[in-house]
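A.B. asks: Mind looking at a prediction? Sequence and model below.
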Amino acid sequence: MSVLSTAKCRSSSPVLFLILAAAGTLISSEMNHPNPATAGSQTNELGRIPILEYHLIQPLESRWGRSIANFRLDLETLYAEGFRPIGVSEFIDGRIEAPAGRKPVILTFDDSSPGQMRYISCAGGIQIDPECAVGILIDFHRKHPDFPLRGIFFVLPEAKQPHKLFGQPEFEAKKLNELVRLGFEIGNHTLWHADLAKYPGSVVQKQLALAQESVGRMVPGYRFLALSLPMGDWPQEAALAIQGSYKGIEYHHKAIFLVTGGPAASPYDANCQFTRLPRIQVTGNELKYWLKYFELHPDLVFVSDGDPTRVTLPRNQLPRLARNRFANLQVTTY
Ligand SMILES: [Zn+2]
C-alpha cells in the first residue's frame with residue numbers, strides 16, 4: 001500500500017476545540033486593558049499557538065495537497081496577521097523567539113514528498129526548486145527577513161517513492177543537511193509510515209529507532225526531538241512512542257504531534273501536554289477558519305513579549321501557568 005493511501009488523517013474538530021477552550025480559559029474584562037509592554041498588541045504568552053500541518057505541496061489543491069498558490073497565500077496571510085514561525089525546540093524549551101507583539105506559529109510537513117524539498121538543475125549545478133515548499137519559504141524569507149526559516153519536516157527514510165526522504169535518491173543526505181543548515185528541524189514519522197497501533201512493541205521500537213539511526217547517519221549526530229504519529233495512531237503501549245530502543249539505538253521524542261485537534265496550548269500553560277500536541281490540517285478553508293477565530297477572540301492567541309527568558313500574561317490567568325516546567329523563567333503579569 002502506498003504512503004498516500006495510508007496517509008489519511010482524521011478531520012479537524014473545531015467543535016472539540018471550542019469546548020476545550022471554553023472549559024479551560026476564563027476571559028476577564030481585565031484583558032481588555034491595554035498592556036504597556038507592547039503598544040498595539042495585547043501580550044499574552046498563555047494564549048494558543050497554531051501548529052499547521054501540511055502534506056503535499058503541488059500544483060493543484062486536493063484533500064492531502066496544498067496548491068503552490070495557496071501555500072504562498074497562506075504565508076502572506078500569516079505574515080499580515082502577525083504570525084511568525086518558531087521551531088519545535090523553542091516551544092519545548094520555553095524560549096520563544098517571536099518579536100514583541102508577534103504570534104508564534106509552527107509549520108509542520110509530513111511524509112517527505114518531493115514537493116516539500118526538491119532540487120532542480122540550473123546552469124552550473126543544482127538549486128532548490130523555487131516551487132517546492134522550502135524554495136517558497138526561502139523566497140518569502142528573503143522578501144520578509146522577519147519571517148524566519150523555521151519548520152519541521154517529519155520524514156520517512158524507507159517509504160516507497162516518491163516519499164522516501166523527498167524522492168531523488170541521490171540527494172537524500174544533501175537535502176536533510178541543507179534543511180538543518182537553513183534552520184529547519186527534522187522529525188520522526190517512522191521508517192515507512194507504519195500505523196503503530198498495529199504492531200507489537202518490538203516493531204514499534206524498531207520503526208522509531210531505525211528512523212533515528214538513518215537520519216542520524218546522514219546528518220551526523222542529529223537527534224529527533226519530535227514524532228508525528230502516522231494517522232495519529234498510538235502504539236498499544238503508548239510510552240513506546242516517546243522513548244525506546246532497538247539493538248542499542250535509542251530514541252527519545254520530547255514532543256509528539258497529533259493529526260488534528262485545533263490550536264495548541266502555550267508551552268507555559270499547565271494544560272499543555274508536549275506529548276499530545278494538536279495540529280491544524282491546512283486544507284480547504286481550515287486555516288482561514290482558525291485565523292478568523294483568532295480575529296474574533298484575540299485574547300485566546302499567544303502574543304509574544306519579545307523576551308525569550310520572560311513569560312508575560314494577564315494576572316487572572318496566573319493559576320494556569322506551568323511554574324516548574326522551565327528553569328529560570330521570569331514571570332510578568334499585568
Ligand atoms: Zn503521514
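C.D. replies: Cool, got the structure. Numbers count the residues shown, from 1 in each chain.

A.B. asks: Doesn't L210 belong to a helix?
C.D. replies: Yes: assessed by DSSP: H, G, I helix; E, B strand; the rest coil, L210 belongs to a helix.

A.B. asks: number of nearby residues for it?
C.D. replies: 18 (other C-beta atoms under 10 Å). (Glycine included, C-beta is placed from N, CA and C.)

A.B. asks: Can you show me the helices along the protein?
C.D. replies: 3-6, 14-24, 68-80, 88-93, 133-143, 172-182, 201-218, 239-242, 286-296 (DSSP state H).

A.B. asks: avg pLDDT for the last one?
C.D. replies: The average of the pLDDT scores along helix 286-296 is 96.

A.B. asks: swap in the second one?
C.D. replies: When the per-residue pLDDT values of helix 14-24 are averaged, the result is 41.

A.B. asks: just the fourth one next, same as before
C.D. replies: Here helix 88-93 scores 97 as its mean pLDDT.

A.B. asks: Can you dump the C-alpha atoms of it in CSV for me?
C.D. replies: Extracted C-alpha coordinates of helix 88-93, given in CSV (Å, rounded to 0.1, in the frame of the first residue of the first chain):
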residue,chain,number,x,y,z
VAL,A,88,9.8,23.0,17.9
SER,A,89,12.9,23.3,20.1
GLU,A,90,11.9,26.9,21.0
PHE,A,91,8.4,25.6,22.0
ILE,A,92,9.6,22.7,24.2
ASP,A,93,12.4,24.7,25.7
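
A.B. asks: Flag every buried residue along that helix.
C.D. replies: Within helix 88-93, the residues scored as buried using 16 or more other C-beta atoms under 10 Å are 88, 90-92.

A.B. asks: what's the first-to-last distance across stretch 270-285?
C.D. replies: From its first residue to its last, stretch 270-285 covers 30 Å (C-alpha to C-alpha, to the nearest Å).

A.B. asks: That stretch: which residues count as buried?
C.D. replies: Applying 16+ other C-beta under 10 Å to stretch 270-285 flags 270, 272, 274-283 as buried.

A.B. asks: With stretch 289-303 instead?
C.D. replies: 290-291, 293-294, 299-303.

A.B. asks: Nearest to the ion among the helices of the chain would be which one?
C.D. replies: Using C-beta to the ion as the measure, helix 3-6 is the one of the helices of the chain that comes nearest the ion, at 7.2 Å.

A.B. asks: ok and the residue in the stretch 51-200 of the chain nearest the ion?
C.D. replies: Closest point on the stretch 51-200 of the chain to the ion, by C-beta to the ion, is D110, at 4.0 Å.

A.B. asks: right, and that residue touches I51 too?
C.D. replies: No: D110 sits out of contact with I51 when judged by C-beta atoms under 8 Å, with a separation of 11.7 Å.

A.B. asks: So if I had to pick from these two, which one is more boxed in?
C.D. replies: Between D110 and I51, counted using other C-beta under 10 Å, the more crowded position is D110 (29 against 24).

A.B. asks: Identify the bridge partners of that one.
C.D. replies: Counting by DSSP bridges, D110 forms beta bridges with F154.

A.B. asks: State the distance from it to C132.
C.D. replies: Counting by C-beta to C-beta, to the nearest Å, the gap from D110 to C132 is 15 Å.

A.B. asks: L225 now?
C.D. replies: Distance from L225 to C132, by C-beta to C-beta: 24 Å.

A.B. asks: what do you get for P263?
C.D. replies: Distance, P263 to C132, using C-beta to C-beta: 27 Å.
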